[in-house]
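S.K.: Next come a sequence and a model predicted from it.
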Amino acid sequence: MRKVNGIESYFEINIRCRVNEIRIKQLLHHIASKDIIGTPNSDLDYFIIGVTNKQIYHLYDDRGLDIFLPSESRRADIKTKYQSWVLSE
């Protein structure tokens, strides 16, 4: 949500592309630094949706990332591999 002239507005932009078409380093830097730098449109949320693997990634700022996974076994794999990084569920 974003306020424009005092009016709450919602924007949605969908871009269908392949992973190799994304400048991922620049995208992640922009999202992670939005609280620090206050980049343009820094109040927007970005979701990366993996259509093939059915995973959703939401890097909300430099503090963390939400990952939505399709199966309990995949969640267990991620939790085991990155146990020291997991803050909460």
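M.R.: Perfect, thanks for sending it.
S.K.: okay, and the helix or strand of this structure with the least pLDDT?
M.R.: Ranked by mean pLDDT, DSSP states H and E, the helix or strand of the chain with the weakest confidence is helix 34-37, at a mean of 61.
S.K.: Against which helices or strands is the following helix or strand past it packed?
M.R.: Sequence-wise, the next helix or strand downstream of helix 34-37 (DSSP states H and E) is strand 48-50. Secondary-structure packing of strand 48-50 (3 or more C-beta pairs under 8 Å, 6 or more residues apart in numbering; DSSP states H and E): strand 55-61. From N, CA and C alone the C-beta is placed, and that goes for glycine too.
S.K.: Would you give the sheet partners of the strand it packs on, along with the direction of each?
M.R.: The pairing partners recorded for strand 55-61 under DSSP bridges are strand 48-50 (antiparallel), strand 64-68 (antiparallel).
S.K.: ok, and for it, which residues are buried?
M.R.: Leu59 (16 or more other C-beta atoms under 10 Å).
S.K.: Could you give the average pLDDT over that strand?
M.R.: Strand 55-61 shows an average pLDDT of 82 in the prediction.
S.K.: what's it in contact with?
M.R.: 28, 31-32, 34-35, 45-50, 65-70, 74 (C-beta atoms under 8 Å, 6 or more residues apart in numbering).
S.K.: Quick check, central residue of this protein?
M.R.: His58 (2.2 Å; C-alpha atoms, centre = their mean).
S.K.: Please determine how far that residue is located from Ser33.
M.R.: Distance from His58 to Ser33, counting by C-beta to C-beta, to the nearest Å: 16 Å.
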